[in-house]
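In: what would the 3D arrangement of this be:
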Amino acid sequence: MIRWRNILAAALTASICLFGFTATAAAKPASGKGGHSKLDSKLNDRANKGGPGVSRAIVVLNLSCDATGDYAKTGAKRGRRLGLINADVVEIPNAQLRKLADSSCVKDMHWDRRTGGDMNRAAVIEGARAVQQYYGYDGAGIGVAVVDSGITPWHDDLTYLGSEPNVQVVNGQRVTKFVDFVNGRLTPYDDNGHGTHVSGIIAGNGFDTLGAHAGMAPAANLVSLKVLDQQGGGYISNVIAALDWIVANRTTYNIRVVNLSVGAAVTESYNTDPLTLAAKRVVDLGVVVVTAAGNLGKNPNTGEVQYGAITAPGNAPWVLTVGAYSHEGTLTRIDDKIASYGSRGPTAHDYAAKPDIVATGTGIVSLSAPGSLLYTTKSGYLLSGSVLTATKPYLSLTGTSMASPVVAGAVALMLQANPQLTPNLVKAILEYTAQDYYYDALTQGAGFLNAKGAVDLAKFLRNPQAGQKYPSNQTWSKALIWGNHKIQRGVIKPAGSAWSLNTTWGAAADGEGDNIVWGTACDTAECDNIVWGTSAMDARNIVWGTVDTEGDNIVWGTADGEGDNIVWGTACADGECDNIVWGTECGGADCDNIVWGTSVDEGELDNIVWGTAMEADNIVWGTADGEVDNIVWGTSSESDNITWGCAGEDVPLFDDPEVPSVFDGVIFDALFDATLPADTTTTTTEDPPPAVLTDTTTTVTSTTTSVGGGF
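Out: Predicted structure coming up:
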């Protein structure tokens, strides 16, 4: 059994180099001893301690209520308005927290915690180049909002020389709008460099390498929303404000995708966290929100794999959460492997299966921002293009921050192919076409991204005709991770209730209370010969709970007893459940490697983490004091000044070519071996040898300090 205090203390040393932001330790739950029902756990802790300190809080108000007078009475300083969740950001003396919470206008109050934040080869391996070449899709007309540290005022790779009328160019750049939620500046800039790099992964066109370093959707329109400061830090209220802006302006800029390569501590359920609820508002309006899983997949002290460190808002079921894998610097998919730094599930507080999918995140070359922090501190890892430029136009970085925009770019291609896709259907297609590398579902989600397969299926589902064969490929997983269940042995139907805007991913019923319908069951496990429009296609809708009489164990047909179930449910017989998230009993050797659960009182073992098939010695959350605190990362102390990000990871600099001809004529299907990858379920993999990024430590300022132009 690992000593958890040592693991958590080790999280004090990290950087913005991978994930690109900072965060603080999760707070203890309210104990009930003097806890106010309207205050979250952290604010209750601070209210209990009292003293002269000041807290930054998000105050959610009841409808048609003005708390101006209450703020004045409690000495609270009001900052930004968060209309999306009917809330105000305030700074308030800790001694006055309970008094403000007593107001009839206040619904609840949450701690405003801190957040933070090689394309040619990657785009080829993921299938984006094949999509661009076979179909001509390049993201034209699709607006992608990048919520990050901003964007450089000029980069050659953000220009556009084509004739597509849906591509918007402003001052020579495909950046249609820039909004600064940190300093209030009006023109684009990126003093950190992270946001520019992320933007290039999505929509760079490779101009400075004659197309070689083009991103996933090289003609997409970018909307840059700056929420992180020069050090890569910020507040969740900045992110919420950006999401609020997206809701108000999504139609004007045709924003169909949001990329959030930022994250914060999971301090409460996604059902109450203002950040995750704000993301839900965006998704409910039909915008796909893609977010990074986090970079806490490896114990920084021992180098061992650890579970349970998904960050917010990636812990919410309605967002598309992306982990990372490495393409190993080769132009083939058969040697790809999970990157050990990527955060794994289950999520804290809600104990949900995540990530949803993994994409290339190791050694990713994208745009640099001259004059930014990363341009200065990572100068040894800047790369030249193939044309003469005054500065080095490219930079190599690693992390789930890089994997997330790879998926966001793939989503832009899917939406160009099929604009009718809903966020749930986008996620379903990505999971269904992903390649299963036989890692557990809390490591790889549904599998490794296959952008070509996803666009193939999206394009087919736009207007399928009777007699057409349903797309299929032996490398596809043909499975969905619906909540904590693995759904398989079927095909997706676009009219299924699972894909409606009023259906929450993973729910047992749709917004109308009816059974969930995903699609049609297959006669064979392979689903290779389904023909659209046949009676078999229409007659065998699979709905939640109706196929498997035991209810808890739906696998798109029947319980197969082959260990496909992510959740330990009532249908699990002995030996059937190899990959377990949690259960309702703890028997035999299964209890030996439980982080939280074994120290709680008898009879309270409702949330047992992990089973017997995994090396479960490394779970991130849980404390050694006998309390089930679900700490994601940080320390068991009360310190708010904790930095993290790359956990000591260095980044390999893969030798991507500087000219496009090297990969010309590559056939995407040839990147797959005839046989599937070997089963790696119990194998702990290591990253490629370090070559690029070194660890740096950033100090987070006190949460009572306002950022830039206010809060």
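
In: which elements pack onto the helix or strand hosting residue 178?
Out: When elements are defined using DSSP states H and E, residue 178 is found to belong to strand 175-180. Contacting strand 175-180 under the criterion 3 or more Cβ pairs under 8 Å, 6 or more residues apart in numbering; DSSP states H and E are the following elements: strand 221-226, helix 236-249. Every residue, glycine included, has its C-beta placed from N, CA and C.

In: mind putting these in TSV, distance to residue 215 included?
Out: Output for the helices and strands packed on strand 175-180, formatted as TSV (distance: least, Cβ to Cβ, whole Å):
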stretch	distance to residue 215
strand 221-226	10
helix 236-249	21
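
In: any chance of the ones you listed in TSV, plus distance to residue 397, mean pLDDT and mean neighbour count?
Out: As requested, these are arranged in TSV below (distance: least, Cβ to Cβ, whole Å; pLDDT from 0 to 100; neighbours: other Cβ atoms under 10 Å):
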stretch	distance to residue 397	mean pLDDT	mean neighbour count
strand 221-226	18	98	28
helix 236-249	21	96	24
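
In: closest one to residue 424 among these?
Out: Each of the helices and strands packed on strand 175-180 was scored for nearness to residue 424 using Cβ to Cβ, and the closest is helix 236-249 (18.4 Å).

In: just after the closest one, pick out the following helix or strand.
Out: strand 255-260.

In: any stretches of the stretch 51-200 of the chain with poor pLDDT?
Out: Along the stretch 51-200 of the chain, the parts satisfying pLDDT under 70 run over 116-120.

In: ranges for the strands of it?
Out: For the stretch 51-200 of the chain, the strands defined by DSSP state E, counting those that start in this stretch occupy 54-61, 77-82, 87-93, 106-111, 114-116, 143-148, 175-180.

In: what strands flank the first one, and is each parallel or antiparallel?
Out: Put plainly, it is strand 54-61. On the basis of DSSP bridges, the sheet neighbours of strand 54-61 come out as strand 87-93 (antiparallel), strand 106-111 (antiparallel).

In: is it correct that residue 147 is in contact with residue 240?
Out: No - with contact defined as Cβ atoms under 8 Å, residue 147 and residue 240 do not form a contacting pair (10.1 Å).

In: now do the domain split for this structure, please.
Out: For the chain, the structural domains run 25-112, 113-463+645-711, going by automatic domain parsing.

In: before we move on, the earlier item: any chance of TSV for the strands paired with strand 54-61, columns distance to residue 398?
Out: Formatted as TSV, the strands paired with strand 54-61 follow (distance: least, Cβ to Cβ, whole Å):
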stretch	distance to residue 398
strand 87-93	33
strand 106-111	30
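
In: closest one to residue 229 among those?
Out: In terms of Cβ to Cβ, the element of those nearest to residue 229 is strand 87-93, at 15.9 Å.

In: what sits up against the closest one?
Out: 52-61, 67, 71, 74-82, 100, 112, 235, 237, 240, 274, 704, 706, 711 (Cβ atoms under 8 Å, 6 or more residues apart in numbering).

In: any chance of a ChimeraX selection covering the buried ones in these?
Out: Command for ChimeraX, covering only those of the contacts of strand 87-93 found buried under the criterion 16 or more other Cβ atoms under 10 Å:
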select :54,55,56,57,58,59,60,61,67,71,74,76,78,79,80,82,100,112,235,237,240,274,711
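
In: and after the longest helix along the chain, which helix or strand comes next?
Out: Using DSSP state H to assign secondary structure, the helix with the most residues in the chain is helix 400-417. The element immediately downstream of helix 400-417 (helix or strand, assigned by DSSP H and E) is helix 423-433.

In: just checking, what packs against that following helix?
Out: By 3+ Cβ pairs under 8 Å, 6+ apart, helix 423-433 packs against strand 288-292, strand 320-326, helix 400-417, helix 451-462, strand 479-482, strand 490-492.

In: angle of it against strand 320-326?
Out: For helix 423-433 against strand 320-326, the angle by axes from the mean of the first three to the mean of the last three Cα atoms, to 10 degrees is 30 degrees.

In: quick check: mean pLDDT across helix 423-433?
Out: Taken as a whole, helix 423-433 has a mean pLDDT of 97.

In: list the contacts of the next helix or strand after that helix.
Out: In the C-terminal direction, the helix or strand that comes right after helix 423-433 (DSSP H and E) is helix 441-444. Counting by Cβ under 8 Å, 6+ apart, helix 441-444 makes contact with 297, 307, 323, 325, 338, 342, 344-346, 353-355, 357-358, 436-437, 481, 486, 566, 579, 581, all of which sit outside it.

In: dump helix 441-444 to CSV, keeping only the CA atoms.
Out: In CSV, the C-alpha atoms belonging to helix 441-444 read as follows (Å, rounded to 0.1, in the frame of the first residue of the first chain):
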residue,chain,number,x,y,z
ALA,A,441,-11.1,2.1,-20.1
LEU,A,442,-10.0,4.4,-17.4
THR,A,443,-6.7,4.8,-19.3
GLN,A,444,-7.7,4.9,-23.0
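
In: and residue 489, how many neighbours does it have?
Out: A total of 21 residues lie near residue 489 under the criterion other Cβ atoms under 10 Å.

In: cool, residue 250 as well?
Out: Burial of residue 250, expressed as a neighbour count using other Cβ under 10 Å, amounts to 19.

In: which residues touch the residue lying closest to it once chain neighbours are set aside?
Out: With Cβ to Cβ, 6 or more residues apart in numbering as the criterion, residue 250 has its nearest non-adjacent residue at 5.9 Å, and that residue is residue 287. Under the criterion of Cβ under 8 Å, 6+ apart, the contact list for residue 287 reads 246, 250, 255-258, 423.

In: tabulate those (CSV), appending distance to residue 392.
Out: Rendered in CSV, the data for the contacts of residue 287 read as follows (distance: Cβ to Cβ, whole Å):
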residue, distance to residue 392
246, 32
250, 35
255, 31
256, 32
257, 29
258, 29
423, 37
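
In: may I ask which of these has the most neighbours?
Out: Across these, the neighbour count under other Cβ under 10 Å reaches its highest value at residue 257, namely 30 neighbours.

In: contact partners for that residue?
Out: Contacts for residue 257 were tallied using Cβ under 8 Å, 6+ apart; they are 142-145, 287-288, 290, 408, 411-412, 415.

In: now do the contacts for the closest residue to it other than its chain neighbours.
Out: If you skip the residues right next to it in sequence, residue 257 has residue 144 as its closest partner in space, 4.6 Å away by Cβ to Cβ, 6+ apart. Remark: with contacts taken as Cβ under 8 Å, 6+ apart, residue 144 is in contact with 202-203, 217, 220-223, 255-259, 408-409, 412.
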